[in-house]
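J.: Provided below for reference: sequence and predicted model.
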Amino acid sequence: MISTKEKQYNELIDDDNLQGSVQLGLTTSHTYRNNPRRLTFLLSRYKFISKLFDGLNNVLEVGCGDAFGSTLVANCVKKCTDFDPIFIDNAKYLRKEASNREFKVHDILLSKTDESFDGIYSLDVLEHISKNEESIYMKNILQSLLPNGIVAIGMPTLESQKYASKQSKIGHINCKSSEELKQFCSKYFHNVFVFSMNDEVIHTGFYPMSHYIIALCVNKKT
């Protein structure tokens, strides 16, 4: 029998034998291989969301990808959705331990969800949606949100795009400055708070120097 030199760590072997090692997923595996430091940025965003949404009962993630990051919000996430079945199938296969999460294919540009949530967050999605369709995106999110629910929208800043990779620029068709994101969200919510982010640090610093922004939206308009 394999045993670690310090006996208290044998439970790590037992756990791995019982449940297997954790796999990252399609997007996070690619990131780990090619730019592993970026994983710290990803996890910091999800940790921030987990703090904002702590205590909520029924939470939706719009655009979960392989759902690796949503593990940090798993205590309150009920559904993770993505419009691409490949990513949902990957999440279902890898996140078998996520008994409190449901992975579902859903395109937010086509319709609202079939139930309402007290919290909805969407990271790295809006910049992939054209300006002509961004109002559909937000209106379907609003129709999926309970009256007192909260929404968090995260995206790379417009200013950051001169440093973005060629692959990222292909999909980033609608990046915004912090002021543009606030103006957009303020069409649908009475109160919008925008946070800056550089690498893994979230702060309230000078917006034009931010690489990433997260808008916390509360008190939706009717």
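T.: Nice, I can see it. Note that the structure is a prediction, hence the values are computed from the model and not measured.

J.: Helices along the protein, start to end?
T.: 10-19, 26-34, 38-52, 85-94, 134-143, 166-171, 178-186 (DSSP state H).

J.: how about those helices, which one is nearest residue 214?
T.: Closest to residue 214 of these is helix 38-52 (CB to CB; 6.7 Å). In short, each C-beta sits where N, CA and C put it, glycine included.

J.: Name the residues that touch that closest one?
T.: Helix 38-52 has contacts (CB atoms under 8 Å, 6 or more residues apart in numbering) with 28, 31-32, 68-73, 75-76, 121, 123, 150, 152, 154, 195, 197, 199-202, 212, 214, 216.

J.: Keeping just the C-alphas, turn that helix into PDB.
T.: In PDB, the C-alpha atoms belonging to helix 38-52 read as follows (Å, rounded to 0.1, in the frame of the first residue of the first chain):
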ATOM      1  CA  ARG A  38      -4.300  33.500 -16.000                       C
ATOM      2  CA  LEU A  39      -6.000  30.800 -14.000                       C
ATOM      3  CA  THR A  40      -5.400  33.000 -10.900                       C
ATOM      4  CA  PHE A  41      -7.300  35.800 -12.600                       C
ATOM      5  CA  LEU A  42     -10.200  33.500 -13.500                       C
ATOM      6  CA  LEU A  43     -10.400  32.200  -9.900                       C
ATOM      7  CA  SER A  44     -10.200  35.600  -8.400                       C
ATOM      8  CA  ARG A  45     -13.200  36.700 -10.400                       C
ATOM      9  CA  TYR A  46     -15.300  33.800  -9.300                       C
ATOM     10  CA  LYS A  47     -14.200  34.200  -5.700                       C
ATOM     11  CA  PHE A  48     -15.400  37.800  -5.800                       C
ATOM     12  CA  ILE A  49     -18.800  36.600  -7.200                       C
ATOM     13  CA  SER A  50     -19.000  34.000  -4.400                       C
ATOM     14  CA  LYS A  51     -18.600  36.700  -1.800                       C
ATOM     15  CA  LEU A  52     -21.200  39.000  -3.500                       C
END
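
J.: For it, give the mean pLDDT please.
T.: In this model, helix 38-52 has a mean pLDDT of 96.

J.: So for that helix, what gets flagged as buried?
T.: Neighbour counts using 16 or more other CB atoms under 10 Å place 39, 41-46, 48-50, 52 of helix 38-52 among the buried residues.

J.: Run the angle between it and helix 26-34 for me.
T.: Here the directions of helix 38-52 and helix 26-34 differ by 140 degrees (axes from the mean of the first three to the mean of the last three CA atoms, to 10 degrees).

J.: Identify, from the buried residues of helix 38-52, the entry nearest to residue 163.
T.: The shortest approach to residue 163 among the buried residues of helix 38-52 belongs to residue 41, at 13.1 Å (CB to CB).

J.: can you tell me how far the closest one sits from residue 105?
T.: To residue 105, residue 41 is 27 Å away according to CB to CB, to the nearest Å.

J.: Pull out the buried residues from the contacts of helix 38-52.
T.: Burial by neighbour count, 16+ other CB under 10 Å: within those this picks out 28, 31, 68-73, 76, 121, 123, 150, 152, 154, 195, 197, 200, 202, 212, 214, 216.

J.: Those residues in strands, which ones?
T.: Residues of the buried ones among the contacts of helix 38-52 located in strands (DSSP state E): 121, 123, 150, 152, 154, 195, 197, 202, 212, 214, 216.
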